[in-house]
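J.: Dropping a prediction and its sequence here:
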Amino acid sequence: MRSPDDWLLLLEEVPDPEIPVLNVVEMGIVRGVKSTDSAVEVSITPTYMGCPAMDAIADDIRSQLGPMAEEEGKSLTVDLVYAPAWTTDWLTDSAKDKLERYGIAPPGTTADKRALNGADPVVRCPRCKGKQTSLVSLFGSTACKAHYRCDDCAEPFDHFKCI
């Protein structure tokens, strides 16, 4: 019988559908896994209220864990949990590194955001690492990202918003 940690390890194989270089565990989407003799329960939290990827993520989790749960004679449920709300502080350091290598500027911490007192953050270009960047749009390829342009290399890029 698999432990909750074993199930969690299996969830590291489930990629985020919008950022496939990250998995749902390192994104902080998976809030917890409970395993009893008869059931496996996975709790997930959306990164953004109304995130359209949550149904796909739940389906991918069911596809990944369902056959193994069935093999052990267990039911599998995937529950959405909204409180506390997801925060970019839940992204692992490894996830932030992967975001940057993928071409998305990673977020700072919520403590950094509070320290800015409403001022715009310095967003470093993920390509040339330049700090001279300009906000193009508050919304990038998805609602959880903003669109920037690097003033040094002139390349456009997304910045994962600090939430």
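T.: Arrived safely.

J.: how much space is there between the residue nearest to Thr142 when sequence neighbours are not counted and Arg2?
T.: Leaving aside its chain neighbours, Thr142 sits nearest to Glu18 (5.6 Å; criterion: C-beta to C-beta, 6 or more residues apart in numbering). The C-beta positions use only the backbone N, C-alpha and C, and glycine is treated the same way. The gap separating Glu18 from Arg2 is 28 Å, by C-beta to C-beta, to the nearest Å.

J.: what about the strands in this structure?
T.: Counting by DSSP state E, the segments of the chain that form strands are 30-35, 39-44, 75-80, 104-105, 133-137, 145-150, 156-160.

J.: returning to what we had before: how deep is the residue nearest to Thr142 tucked in, by neighbour count?
T.: 17 (other C-beta atoms under 10 Å).

J.: now do the one 3 residues further on
T.: For Val21, the neighbour count with other C-beta under 10 Å is 14.

J.: do the same with Asp97
T.: The number of residues near Asp97, taken as other C-beta under 10 Å, comes to 11.

J.: dump the residue contacts of it.
T.: By C-beta atoms under 8 Å, 6 or more residues apart in numbering, the residues touching Asp97 are Pro106.

J.: pLDDT below threshold where in this structure?
T.: For the chain, the stretches flagged by pLDDT under 70 are 113, 115-116, 118-119.

J.: ok, longest helix in it?
T.: Secondary structure of the chain per DSSP state H: the longest helix is helix 54-71.

J.: now that helix: how far from the chain's centre is it?
T.: 18 Å (C-alpha atoms, centre = their mean, to the nearest Å).

J.: Which residues does that helix contact?
T.: 2, 7, 10-11, 13-17, 24, 29, 40, 42, 44, 46, 75-76, 78, 80.

J.: what do you get for stretch 19-32?
T.: By C-beta under 8 Å, 6+ apart, the surrounding residues in contact with stretch 19-32 are 4, 8, 11-16, 42-47, 57, 60-61, 81, 86-87, 90-92, 94-95, 98-99, 101-102, 104.
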